[in-house]
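Asks: What follows is a protein structure lacking sequence information:
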DNA sequence: GTTACATTCAACTTTATGGTTGAATCAGAA
DNA sequence: TTCTGATTCAACCATAAAGTTGAATGTAAC
């Protein structure tokens, strides 16, 4: 439902991540996208459909093939979501936050709804 | 296999993303994590296991409960992966890259292995 | 119109996911 | 030791995902 669900699910497969990387270097037809993988064309086509459903790529009918190209918007949303957590791995805010949390846990070991 | 697989898969579910957000505000027991959801404790426990398998959280046996806390490393890896694509949505590099790609496509419309 | 090519659809199998319930575990209090 | 509370395990169900094969579609070339 949430766009984030379909986007993260789509990214959770190495085949599809590889396809995105290929597309980051330029447009490719379905056949070209499928070529590096040892699976049937139908299987690759399904992966492409998953990427499309997640909004990560667009398919365009051109000459005799379908040409796919990257649509980066949803990747940006995913990164946006991860950005929330950046403070946990970058620099001193991390340490500061952890200290505050430990202090808090020490002060209120068994309560939950205090000011 | 790849850590990225399990991480992105884990993030592809709203329940688990919510759990991570809760943990970003401090440690929580399994019961506390499960409370906001209308599902059995066993189901929540499975979600927590998925997060743990992805390395996103650590479970520690303390007093009579299991206390969970965020382990941000894998989130950083995910963001790292997404960073590859940042140029597609930020600023002028985007436009520049697209121009180069179109130029390239126009020059070599039907070849694939040229220098 | 027929042939050939690129892609998708349909049907099917196997394995994974997300949920349920009830029993099992295991630490701490009585 | 027995009771209680917190969590997990086991077995099960329904649905989805990832792959296969073979037929169907649609456009280009002949």
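Replies: Perfect, I can see it now. This one's a predicted model, so the numbers in the text were calculated from it and none came from an experiment.
Asks: Only C-alpha atoms from now on, for both contacts and neighbour counts.
Replies: Fine.
Asks: what's the neighbour count on residue A:51?
Replies: For residue A:51, the number of neighbouring residues by other CA atoms under 10 Å in any protein chain shown comes to 24.
Asks: For the helix or strand containing it, buried residues please.
Replies: Assignment of secondary structure by DSSP states H and E places residue A:51 within helix A:41-53. The neighbour-count check on helix A:41-53 (16 or more other CA atoms under 10 Å in any protein chain shown) flags A:44, A:47, A:48, A:49, A:50, A:51, A:52 as buried.
Asks: What parts of chain A come near chain B?
Replies: The interface of chain A toward chain B, taken as CA under 8 Å from any CA of the partner chain, is made up of A:2, A:4-9, A:11-14, A:24-26, A:72-73, A:75-76, A:79, A:82-83, A:85-86, A:88-89, A:101.
Asks: Also near DNA strand D: which of these, exactly?
Replies: With CA under 7 Å from any atom of the strand as the criterion, the residues of chain A next to chain B include residue A:13 near DNA strand D.
Asks: low-confidence ranges in chain A?
Replies: Counting by pLDDT under 70, the low-confidence segments of chain A come to A:1, A:91-115.
Asks: need the contact list for the closest residue to DNA strand C within it.
Replies: Using CA to the nearest atom of the strand, the point where chain A gets nearest to DNA strand C is residue A:31, with a distance of 3.0 Å. Applying CA atoms under 8 Å, 6 or more residues apart in numbering or on different chains to residue A:31 gives the contacts residue A:41.
Asks: Could you check how far it is from residue B:83?
Replies: To residue B:83, residue A:31 is 27 Å away according to CA to CA, to the nearest Å.
Asks: Residue A:24 now?
Replies: According to CA to CA, residue A:24 and residue B:83 sit 12 Å apart.
Asks: So for the two, which sits in the more crowded spot?
Replies: residue A:24 (21 against 14).
Asks: how about the strands of chain A, start to end?
Replies: Along chain A, the segments classed as strands by DSSP state E run A:28-29, A:57-62, A:65-70.
Asks: now the angle from the last one to helix A:41-53?
Replies: Spelled out, that is strand A:65-70. 40 degrees (axes from the mean of the first three to the mean of the last three CA atoms, to 10 degrees).
Asks: partner strands of strand A:65-70, parallel or antiparallel?
Replies: Each strand that pairs with strand A:65-70, with its direction, by DSSP bridges: strand A:28-29 (antiparallel), strand A:57-62 (antiparallel).
Asks: Any part of it near DNA strand C?
Replies: Yes. Among the residues of strand A:65-70, A:65, A:66, A:67 lie within reach of DNA strand C under CA under 7 Å from any atom of the strand.
Asks: Show me what the last one is bridged to.
Replies: The partner list for residue A:67 in beta bridges (DSSP bridges) reads residue A:29, residue A:60.
Asks: what about it, how many residues close to it?
Replies: Number of residues near residue A:67 (other CA under 10 Å) recorded here: 18.
Asks: ok, it to residue A:59 distance?
Replies: Relative to residue A:59, residue A:67 is positioned 6 Å away (criterion: CA to CA).
Asks: Residue numbers of chain A in contact with DNA strand D?
Replies: Taking CA under 7 Å from any atom of the strand as the criterion, chain A approaches DNA strand D at residues A:13, A:38, A:39, A:40, A:41, A:42, A:43, A:44, A:47, A:50, A:63, A:64.
Asks: Repeat the analysis, applying 6 Å as the threshold.
Replies: Within reach of DNA strand D by CA under 6 Å from any atom of the strand, chain A has these residues: A:13, A:39, A:40, A:42, A:43, A:63, A:64.
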